[in-house]
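Novice: Curious how this folds, go ahead:
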Amino acid sequence: MHAAPRPGRPRPAPALELLVHGVGGATPHDMLDDPRTVRVTGDGTAGIHRRADDADAEERADGHPAQPVPEAYCWSNLTSGNGARALWLILLPFMIANLAYWMRPAAPRAHPAQRLYSVLVRLIALSLTVLLVAAACEVALDLVAWQCAGAAGCARNTSWLAFLAADGDGWWSTPGRRLVVASLLPVLLTALLWGLSRRTWSAYESAPPPPLAPAAARVPAVEDRPPLSLPGFWYGRRLVGRLRAAHTSAGLLTVASAVQFAVAGYDRRLGGWPEDAGRLLAAATALCWCLTVFVVVHRGRSEEHPDDRSDRAATQALPWAAVGLLALTAVHAAWDRPGWTSTEHLPGTAFFAVCAVVQGLLIAALAAVALLLHRRAPAGHRSVLHGLGGAAVALLACALGGVLSGGVAQRVAEWLAPASSEGAGAGLIAGPPVVLTWQAAVIPLLVVAVALFALVSAARVWRARRRLIPEVMTGYPEEDPEREVPSRTERIAGTVARASLTDSAPALVGSVAVLTLLLGAGAVLGAVLSGLPPGQAAGGAPGPLPALGQLAQGIGSWLMGALVIVLITTGRRAYRDAGARRTIGILWDVGTFWPRAAHPFAPPCYAERAVPDLSWRISSWTELTGGRLVLSGHSQGSVLAAAAVWQLDPVTRNRVALLTYGSPLERLYGRWFPACFGPTALRALHREVDCWRNLWRATDPIGGPVRVPGGGGPDVDCGPLKDPLQYGRSLRHPLHAPILGHGDYQLDPAFGAERRDLLVRLTERDDRVVPTQPAGPRLPSGNDRLPSGNDVGEVSAAPVPAPADATDSQGAIDTTGGRGGPVSADPADPPRTAG
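Specialist: Residues are numbered from 1 along each chain as shown. Here you go, the predicted structure:
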C-alpha cells in the first residue's frame, strides 16, 4: 500500500525516459530489460510500452522522483514487421530516386534554384515509372505477343500461347489483338503500384502533427527555421496524392503509346479511317502526357502547414482520362487489319535508348543546379561530393532501373527461345532491344571497378589497423603495458579501422556514378551506331576484341538476370524467415525515413507515422503531468527523436532533454542530407534543446559526433567512449569485455551518468511546483484528446534534488585524453539494454 504525501507538501514532478530503438528494431522486453511489459498506447504496428510495475507510476503517491520511469517506443513493424513489405525490394530504384530529392545542398530555401532542383528530381522519378512499365511492355507486348506468338516455332511449343499463335487462324491471332491481350500485364502492374501507394498513403501520410500551443506563438519565420521543424513536413498527403495520380496516368499512357506506335506503322500503309482515328488518339494521348507532366512539376510540397486539401482534377480526372484513352486504343488496335503480320522487334523499342538519353540530360541539369546551390550553402557544411550527392544517387537509380529492365527482358527471352525449338531456339525470336544488350555488356566492367575499390578499402583498413595498434593501450592507462595481449590489441584496432570505412562511402558512390555515366553513354552510343549486339558489332575487330565482346555480353546478361532473381528470392524468403525479414528491414529503416516527395510508388515513409507518434506522446505527457522527459534515441531512433523534438512547441520543448547515442545525425545524415541535418540545422536544434548530449564510440561504424559546440554549457558530444570497457582480465572482470561497437550503449556507466545530469539540468531550469492532489494525473491513453493550448503551463512541478552521486558530464567522460574513461556505475541505476 502506497503512502500518501503529507498535506501541503509539494509532490515532485515525475520524470520519464522515452526510449526509441534504432536500426533493425527491438522488442519491448529487450529495451526495458523486463519480461513483463504492457502497451500503454499505440497498436501492434507501433506503440509505447512500459514495465508492468510502472504502468501506473504517475498515479502512485511514492512516484519516482529521482529516477525516470522508462518507456519504450517500438516502431520496427513499420518497416520490417510484415513479410509482404520485403517485396518492395523490386522497387528499389524508386526509393533511391526519392532519396535524391532530399540530398540537395543547404542553400537558402528561397533560392530560385530550389524549385528547379525539385522539378528535375520529380521528372527523373517519372521517367523511372515510365521505364518500369515500358519494361513490362517489352516483355509482354514485344517478346511474348509480337515475337514469340508471331513465330510458328516459338508459339507451337508454348502451350499457353496457342490461342495467340499467328498460324492458329484464331480470332486473337492478329497482331493488334495479341497486343491488346498482352497489354493486360503492364496495366495490372500499374494498377498494383497504384493500389500499394494508395493503401500506404492512407496509413502513413495521414497522421497529423500535434497542435502548437498558443503560448508558443512567437516562432521564427519559415525561412529561418530548419525544414524538419515546419508543421507540414511530415504530412505529405496532398503531394503524394497528386504524384500518385500522375504516375498512374503515365503508366497507362505508356501502354497506350506502345500499342498506338505499333499500329500506326501498318495504318500509314493502309490509309483510310484507321489512320485518321489513330492520329486523333495520338493527339489526345500527347495532350494527356502534357497534363501529366504539368501535374508533376506544377506544385511541390506544402511544408509551412499541414495541407489536407485534395486536387480532384488531378487525382481523379487525370487517371480516368488515361483509362479512357487506353480503352479506345484497345478497340482501335483490335480492329481487323487483313495482311498484318509481326516481324522482328515491335515498332517503338528504340524508346529505351531515348529514355537513357533523356535521363542523362535530366541528371546533367540536376548536377548543374546542385553545384549552383552548393555555392550558396553556408560555410562549414560537409556535403558529400561537393553537393553532387543527389545527382550521383539519381544516376544510380536510373542505372539500376535499366539493369532491372534489361535483366527481366533477357531472362524472359532466354526462357522463351529454348522452349520453342528442338535445341536451337536462339534464332526463333529477335530478343530484347539491342541497347539493353549493350547495357548488359558494360556491367562486368562496373563489377570489376567495385571489386578494385573493395581491395583498396581493405588495404586502407590494414594500414589503419597497423597505425592504431600502438595507440590502443593509451586508452587504458590503468592497465600494465607488460600484460598487453597482441591479439586483443589487434582486434580492437581492426574494429576501429573498419568502422572508419563508413566515411569512404561518398568516394565509392562518386566513383561508381562517374563510371556508370561513361559506360552508359558508351552503351547507348554503341547500340545506336552499330544496331547490333556487342559480340556481333565487334566481329570485324582485330585480336581478341570479338571474343571479349561476346564474353562481356554473356556475363553481363547473366548478371542482369541474377540481380532480378536475387531480389525476388530475397523477398520470398522474407515471407518465411523472420530473421531475413528483419535484415531486409534494416535497409528500409535508412532508405524510407524520408517522405515520398519525388516518387509516390517508393516504399512508404515510416517517419510520417513515427514522428507524430512521438511528438503527440511527448506533448500530452508533459502537459498532463508537468514532468520532465528525457528522449533517448539510439541509431536511427536518434534521428526520429531529433525530428520529433523539432515538431514540439517551445513550451513543451523546454521540458525535454535529448540523449542520443550511436547517432548518425551528422556522420551520415548531416553529410548526405545537408539541407535538413547540416551544421546550421543541428546548431538550431541545440539552441532549442540546450539539454542535449550525444554519446559515441570510435568502434561504431554508424554513429559519431554531431560536432555542435556547447554554446556556454556542456558540449553536446561526449566521447569517444571506451570500447571495450576493460582491456584485460581482472578480479572483478575475469573474462574479456566484448567490443560493443554500435550497440549496448546502456552498458557503459557514462550512459546513466549523462541521463542523470540531463534531468538535473532540466530541474535547475524549472522552479515550478505541482500542488498536492489526492491522486496523481491519469496516464494518457490512445483515446485521450490533447488539452487545449490555453491550459499549457497551468500545471507546475517542483524541483527534484540531484542525487548525491550525480556527476558532471565532463567528469563522467574524459574527453581530453583522446578516448576518455567512464565513471563508475551507480548501483541504484542499473543499465538497461536496448536494441
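
Novice: quick one: low-confidence parts of the protein?
Specialist: 1-12, 61-66, 80-88, 157, 204-224, 418-427, 571-588, 711-713, 766-835 (pLDDT under 70).

Novice: In it, what residue spans correspond to strands?
Specialist: 15-20, 37-42, 47-51, 69-74, 628-634, 656-661, 692-697, 717-721 (DSSP state E).

Novice: contacting residues around the third one?
Specialist: Spelled out, that is strand 47-51. 18, 28, 31-32, 34, 36-42, 57, 69-74, 613, 617 (C-beta atoms under 8 Å, 6 or more residues apart in numbering). The C-beta positions use only the backbone N, C-alpha and C, and glycine is treated the same way.

Novice: Next, the angle from it to strand 37-42.
Specialist: Compare the direction of strand 47-51 with that of strand 37-42 by axes from the mean of the first three to the mean of the last three C-alpha atoms, to 10 degrees and you get 150 degrees.

Novice: related to what we said a few turns ago, okay if I get the strands of the chain as a markdown table plus mean neighbour count and distance to residue 380?
Specialist: Shown next, in a markdown table, are these (neighbours: other C-beta atoms under 10 Å; distance: least, C-beta to C-beta, whole Å):
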| stretch | mean neighbour count | distance to residue 380 |
| --- | --- | --- |
| strand 15-20 | 25 | 28 |
| strand 37-42 | 18 | 39 |
| strand 47-51 | 22 | 37 |
| strand 69-74 | 25 | 33 |
| strand 628-634 | 28 | 24 |
| strand 656-661 | 28 | 20 |
| strand 692-697 | 26 | 18 |
| strand 717-721 | 24 | 16 |
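
Novice: Quickly note the distance from the residue positioned nearest the centre of the chain to residue 616.
Specialist: In the chain, the residue lying closest to the centroid (C-alpha atoms, centre = their mean) is residue 591, at 1.4 Å. Remark: distance between residue 591 and residue 616 (C-beta to C-beta, to the nearest Å) = 25 Å.

Novice: was I right about residue 284 contacting residue 329?
Specialist: No. Contact criterion C-beta atoms under 8 Å: residue 284 and residue 329 do not qualify, at 9.5 Å.

Novice: Give me the more crowded residue out of those two.
Specialist: residue 329 (27 against 16; other C-beta atoms under 10 Å).

Novice: hang on, the earlier thing: disregarding residues adjacent in the polypeptide, which is nearest to the residue nearest to the centre of the chain?
Specialist: residue 95 (4.9 Å; C-beta to C-beta, 6 or more residues apart in numbering).

Novice: Would you check that the one you found makes contact with residue 592?
Specialist: Yes. The criterion here is C-beta under 8 Å, and residue 95 meets it with residue 592 at 6.6 Å.

Novice: Now for those two: what residues contact both?
Specialist: In contact with both residue 95 and residue 592: 602-603, using C-beta under 8 Å, 6+ apart.

Novice: Look at those two and report which has more neighbours.
Specialist: residue 592 (25 against 22).

Novice: how close does that one sit to residue 92?
Specialist: 11 Å.

Novice: Over to residue 281?
Specialist: 34 Å.

Novice: same deal with residue 545?
Specialist: Distance from residue 545 to residue 92, by C-beta to C-beta: 34 Å.

Novice: So those two - more neighbours on which side?
Specialist: Of the pair residue 545 and residue 92, residue 92 is the one with more neighbours under other C-beta under 10 Å, namely 19 against 14.

Novice: Not counting its neighbours along the chain, what's nearest that one?
Specialist: Leaving aside its chain neighbours, residue 92 sits nearest to residue 400 (6.3 Å; criterion: C-beta to C-beta, 6+ apart).
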